[in-house]
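Colleague: Show me how the following folds:
(one chain, ligands or ions: 1)
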Amino acid sequence: MANLVKTPEELLLIMKAEAMGDAAFEHMLDFIKVGMTEKEIADEIERVLRAMGAEGLSFETIAVSGVNSNQPHGEPSDKRLEEGDFLTMDLGALYKGYCGDMTRTVAIGYATDEMKKIYDIVLKAQLAGLAAVKAGVRCADVDRASRSIIEEAGYGEFYIHGTGHGVGTEVHEPPTLNGRSDEILQENQAVTVEPGIYLPEKFGVRIEDLAIVTDFGIINCTRSKKELIIL
Ligand SMILES: [Mn+2]
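Modeller: Predicted structure coming up:
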């Protein structure tokens, strides 16, 4: 089992891997055009991560759009981006053996009022989750902080996974940030906060950052903008 608490050297590699993800996302904002397929999006993410020095991916990139975006672990398909789609990109570089992990959801062309509403709820839940992360806090309480926002908005049944997980040499390590976890966050762990809402036959939204746990809160390794981006 990988070490849950990271050394400064390990944290630096995780931060670098995540910075590559941020740079790849920034590149994708220029690259993405209506009519491209999800596979083309995923392939470009891998290409730019490798060009930056990543030795590979920390997991197979998720690029899902339109109705496909309601699959949290969906695989990129030959579906083409259309106006009014959400596009969720979940990506991570593997750098010197350490993993990045981030997710952003962007709108293509335009976003309906319902899309904007759901995005806003997920963003508030994500910020509440991040605000709850601190050494000594129960992982279940981070999940609760994030999930309660989505539940109070009436979408609890559509938040179908845990709030986060540890990241290191493996993209999914302990601790597990969900309601059943009895783990306590420790200084210098690296964890994700990634709430989502997935509406059947409509769309999904997920926003994910990777953060270092500290005694005072977090150092957020993910810098990409989280306000809704419409391309
Ligand atoms: Mn993740």
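
Colleague: got the residues of this protein near the ion?
Modeller: Taking C-beta under 5 Å from the ion as the contact definition, the chain meets the ion at 101, 192. In short, each C-beta sits where N, CA and C put it, glycine included.

Colleague: C-terminal to the top helix by length along the chain, which secondary structure element comes first?
Modeller: Longest helix in the chain, counting residues (DSSP state H): helix 8-31. As assigned by DSSP states H and E, the chain's next helix or strand after helix 8-31 is helix 38-51.

Colleague: in that next one, what counts as buried?
Modeller: 38, 40-42, 44-46, 48-50 (16 or more other C-beta atoms under 10 Å).

Colleague: same thing with stretch 75-94?
Modeller: So, applying 16+ other C-beta under 10 Å, buried residues of stretch 75-94: 76, 79, 81, 85-94.

Colleague: Greatest separation within those residues: which pair is it?
Modeller: Greatest spatial distance among the buried residues of stretch 75-94 (C-beta to C-beta): D85 and L94, at 28.4 Å.

Colleague: remind me which residues of the chain are low pLDDT?
Modeller: Scanning the chain for pLDDT under 70 picks out 1-3.

Colleague: go with 90
Modeller: Along the chain, segments meeting pLDDT under 90 span 1-4.

Colleague: Contacts only, for D215.
Modeller: By C-beta atoms under 8 Å, 6 or more residues apart in numbering, the contact list for D215 reads 134-136, 187.

Colleague: Next, format those as JSON lines and append secondary structure and neighbour count.
Modeller: What follows is those, written out as JSON lines (DSSP: H, G, I helix; E, B strand; the rest coil; neighbours: other C-beta atoms under 10 Å):
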{"residue": "K134", "secondary structure": "coil", "neighbour count": "16"}
{"residue": "A135", "secondary structure": "coil", "neighbour count": "17"}
{"residue": "G136", "secondary structure": "coil", "neighbour count": "10"}
{"residue": "E187", "secondary structure": "coil", "neighbour count": "14"}
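
Colleague: quick one: which of the residues you listed is nearest M102?
Modeller: The nearest one, if we look at those relative to M102 and count by C-beta to C-beta, is K134, at 20.7 Å.

Colleague: who does the closest residue to the closest one other than its chain neighbours bridge with?
Modeller: Of all residues not flanking K134 in the chain, G217 sits nearest, at 5.1 Å (C-beta to C-beta, 6 or more residues apart in numbering). Beta-bridge partners recorded for G217 (DSSP bridges): T214.

Colleague: And for this structure, the residue most distant from the center?
Modeller: G35 (24.2 Å; C-alpha atoms, centre = their mean).

Colleague: what are the ranges of the helices in this protein?
Modeller: Counting by DSSP H, the helices of the chain are 8-31, 38-51, 113-132, 139-152.

Colleague: And the second one, what does it pack against?
Modeller: Pointing back at helix 38-51 there. Here helix 38-51 touches helix 8-31, strand 56-57, strand 62-65, strand 86-91, going by 3 or more C-beta pairs under 8 Å, 6 or more residues apart in numbering; DSSP states H and E.
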